[in-house]
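Visitor: Provided below for reference: sequence and predicted model.
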Amino acid sequence: SLPTTNSVALRQSVSRSLFRTMALLGITDRDVTVAVPALRRPDRVVNPLTVKQVQELKNASIRRSQSHPGSTKGPAALALALLGLQSKEIPATRVCDIDFSAGTVWAHAGGVRISERLVPIDDSWAWKSLAERVHFLQKKFGDAAKHLPVAYEQGKTRGGSSPKNPAAATSNVLDGIFKDAGVKQPGRVRIASLNEYVAQRVYSQTGSFIEVAARLGMRSLDAVAHIVDKNWFDNRLAESSQEQL
């Protein structure tokens with residue numbers, strides 16, 4: 001299959017750096033990539049989920065858990081995603097990371113670009129789904145449950161996940177829910193749309209990019225602004241112009 005535009009752009013960038021370095025070091029007499037026009041990367045096309053689509057995902061996750069009696073990791077994974085946890089953080093979340101009395105989840109293990117943080121359980125369905133999953137694990141494993149992952153089952157062949165890549169396994173679970181719900185649209189509505197939905201929801205409640213960044217664990221306000229509204233700067237300038245009239 002042909003490489004994506006992003007892949008071609010990355011390869012072009014590496015080639016430019018290589019030939020530019022060779023020219024600076026005198027290995028070649030000129031930078032031959034100067035004559036190659038830069039490839040414009042496509043605009044981000046991931047769409048945030050709508051409230052209706054989120055409800056369809058919730059319903060689909062419950063149907064999937066009923067088809068695999070004893071396992072409710074699907075609803076739990078979706079619940080954590082709807083609170084703002086990233087793909088690496090979801091399988092790392094243990095029972096002891098959830099504090100129902102404080103109404104928070106400790107999000108961690110997201111990688112170098114994602115900050116550890118406390119995330120509020122501010123979705124009633126997510127609260128119910130996590131409570132049911134935690135109760136199931138505590139009933140089955142007793143005190144040992146507190147160190148078990150909430151939304152990841154290691155080494156199961158049916159209804160479980162591969163131990164090799166927990167993040168990929170969790171993504172597969174969520175992708176299955178998307179397909180069952182009938183909301184997946186290749187390239188537009190996919191798992192990344194969960195982050196978009198959370199970002200839009202938090203921004204509509206707070207009006208703050210900082211609060212969105214804190215919820216998603218993102219350190220770049222530019223990246224957050226792009227998720228919330230890629231035209232935010234132009235829109236703000238337009239608002240200022242209207243205020244001056």
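Guide: Ah, there it is.

Visitor: now the chain, which segments are flagged as low pLDDT?
Guide: Using pLDDT under 70 as the threshold, the predicted model of the chain has low-confidence ranges 1-2, 4-6, 38-45, 68-71, 155-164, 245.

Visitor: where along it do the strands fall?
Guide: With DSSP state E as the criterion, the chain has strands at 98-99, 104-107, 117-120.

Visitor: include distance to Arg215 and mean neighbour count when you put the ones you listed into CSV, please.
Guide: Quick note: C-beta positions are derived from backbone N, CA and C, even for glycine. As requested, the strands of the chain are exported to CSV (distance: least, Cβ to Cβ, whole Å; neighbours: other Cβ atoms under 10 Å):
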stretch, distance to Arg215, mean neighbour count
strand 98-99, 16, 17
strand 104-107, 9, 21
strand 117-120, 7, 17
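
Visitor: with distance to Ile177 as new columns, can the ones you listed be given to me in a markdown table?
Guide: What follows is those, written out as a markdown table (distance: least, Cβ to Cβ, whole Å):
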| stretch | distance to Ile177 |
| --- | --- |
| strand 98-99 | 20 |
| strand 104-107 | 19 |
| strand 117-120 | 20 |
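
Visitor: pretty sure Met232 sits against Ala225.
Guide: Small correction: residue 232 is Trp, not Met. Yes. Proximity of Trp232 to Ala225 meets the contact threshold set by Cβ atoms under 8 Å, at 5.1 Å.

Visitor: neighbour count: these two, which is higher?
Guide: When neighbours are counted by other Cβ atoms under 10 Å, Ala225 comes out ahead of the other of Trp232 and Ala225, with 18 against 14.

Visitor: could you check how far that one is from Ala126?
Guide: 26 Å (Cβ to Cβ, to the nearest Å).

Visitor: which parts of the longest helix that the chain contains are buried?
Guide: Taking DSSP state H as the assignment, the helix of the chain that covers the most residues is helix 5-24. Using 16 or more other Cβ atoms under 10 Å as the test for burial, helix 5-24 gives 9, 16, 19, 23.

Visitor: from those, pick the one nearest Met218.
Guide: Ala9 (22.4 Å; Cβ to Cβ).

Visitor: would you check that Val212 makes contact with Val228?
Guide: Yes. Val212 sits in contact with Val228 when judged by Cβ under 8 Å, with a separation of 6.1 Å.

Visitor: what touches both of the two?
Guide: Here Val212 and Val228 have 199, 203 as joint contacts, going by Cβ atoms under 8 Å, 6 or more residues apart in numbering.

Visitor: more neighbours: these two, which one.
Guide: Between Val212 and Val228, Val212 has the larger neighbour count (other Cβ under 10 Å), namely 26 against 18.

Visitor: how much space separates that one from Leu83?
Guide: Val212 sits 13 Å away from Leu83 when distances are taken as Cβ to Cβ.
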